[in-house]
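Asks: missing the sequence, but the structure's below:
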């Protein structure tokens, strides 16, 4: 353990530790675009009929979110304003952990999605994008003649 | 692993507070009249947020609620828990009775004013 002359912020340390722990427990293999734990955090799941993407992006104006789907690659872009005070000497920021500035996250979707059937909604700071799979790719029962 | 199973307290006696939870990132800003705390709590509806002051500790507890299709299988999850928790120790000049909270689009804004006696005062230097 390295002793520091200036003890670091305990909460930031605990936060870092939690992130490291969580990473080591992850069993999902990283994709070619890396395993960036950026902002917003993403959860992805799939059902036989659709692919569901949840982006945890609190404090965003949904009208200023840029969501693009091009050749099976989903891009979520936007900007988050800072809540920190202007540097006018009247207020002091003691802790500053929340993300601020421009963000961009890229995600490749399965091949069988239908780019024309995409729904996006924003609620309680969570962006939910639902992409339907193509009819032809859905499991079908084949009748024996 | 076996040692853990032996020494571990049974599930039902573990208080909810000791369960692992998400640690929401916060900003804390102080001005002359008080402290403003912003916390990112995406996915938390108003009725699942619990902010309280116990003694000198400010506690934020919240549940992440997602409407997920029942037949969905997760393939990638960066958020793997559904509970947020964070605690702060308040200092004595802050007034715990006047804490106000608002939750908007997954961001909690807490305002903790300073007690009247702690409001800033300009001290005039007496010239002898």
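Replies: Here it is on my side, so go on. Computed from a predicted structure; not experimentally measured.

Asks: Within its sheet, name the partner strands of the longest strand along chain A and how each one runs.
Replies: Across chain A, the longest stretch assigned as strand under DSSP state E is strand A:113-123. Strand A:113-123 pairs in its sheet with strand A:126-133 (antiparallel), by DSSP bridges.

Asks: For chain B, give the residue positioned nearest to chain A.
Replies: residue B:106 (1.7 Å; CB to the nearest CB). Just so you know, the C-beta spots here come from the backbone N, C-alpha and C atoms, and that holds for glycine as well.

Asks: pLDDT-wise, which helix or strand of chain B ranks last?
Replies: helix B:2-7 (a mean of 38; mean pLDDT, DSSP states H and E).

Asks: now stretch B:41-48: mean pLDDT?
Replies: Computed over stretch B:41-48, the mean pLDDT rounds to 94.

Asks: Can you point out the buried residues in that stretch?
Replies: B:41-44, B:48 (16 or more other CB atoms under 10 Å in any protein chain shown).

Asks: Of these, which are in range of chain A?
Replies: B:41-44 (CB under 8 Å from any CB of the partner chain).

Asks: Quick check: helices, which of the residues you listed are part of them?
Replies: Among those, no member is found in helices (DSSP state H).

Asks: what are the ranges of the strands in the chain?
Replies: Unless you meant another one, I'm taking chain A. Under DSSP E, chain A gives strands at A:41-46, A:50-56, A:66-70, A:73-80, A:92-96, A:101-108, A:113-123, A:126-133.

Asks: not quite, I wanted chain B
Replies: Going by DSSP E, chain B shows strands at B:26-31, B:34-40, B:49-54, B:57-63, B:73-77, B:83-89, B:100-104, B:107-113.

Asks: how about those in a markdown table, adding mean neighbour count?
Replies: Compiled in a markdown table, those are given as follows (neighbours: other CB atoms under 10 Å in any protein chain shown):
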| stretch | mean neighbour count |
| --- | --- |
| strand B:26-31 | 19 |
| strand B:34-40 | 23 |
| strand B:49-54 | 14 |
| strand B:57-63 | 18 |
| strand B:73-77 | 14 |
| strand B:83-89 | 17 |
| strand B:100-104 | 14 |
| strand B:107-113 | 20 |
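
Asks: Considering the ones you listed, which stretch scores lowest in mean pLDDT?
Replies: strand B:73-77 - the lowest mean pLDDT of the strands of chain B, at a mean of 87.

Asks: In terms of secondary structure, what does that one contact?
Replies: In terms of contacts (3 or more CB pairs under 8 Å, 6 or more residues apart in numbering or on different chains; DSSP states H and E), strand B:73-77 is packed against strand A:41-46.

Asks: Please list the residues of chain B that sit near chain A.
Replies: Going by CB under 8 Å from any CB, the residues of chain B near chain A are B:23, B:25-32, B:35, B:38, B:40-45, B:65-69, B:71-80, B:104-107.

Asks: about what we covered before: among the buried residues of stretch B:41-48, which two are most distant?
Replies: B:42 and B:48 (12.3 Å; CB to CB).

Asks: Count the residues that sit near the nearest residue to residue A:64 once chain neighbours are set aside.
Replies: Of all residues not flanking residue A:64 in the chain, residue A:78 sits nearest, at 5.9 Å (CB to CB, 6 or more residues apart in numbering or on different chains). For residue A:78, the count of nearby residues is 20 (other CB atoms under 10 Å in any protein chain shown).

Asks: which residues does residue A:78 form a beta bridge with?
Replies: Where residue A:78 sits in a bridge, its partners, by DSSP bridges, are residue A:103.

Asks: Pass me the low-pLDDT residue ranges in chain A, would you?
Replies: Where chain A drops to pLDDT under 70, the residues are A:1-11, A:21-37, A:137-138.

Asks: at 80 what do you get?
Replies: A:1-38, A:85-89, A:135-141 (pLDDT under 80).

Asks: Next, count neighbours for the residue of it found nearest chain B.
Replies: Of all residues in chain A, residue A:125 sits closest to chain B, at 1.7 Å by CB to the nearest CB. Per other CB under 10 Å, the neighbour tally for residue A:125 reads 24.
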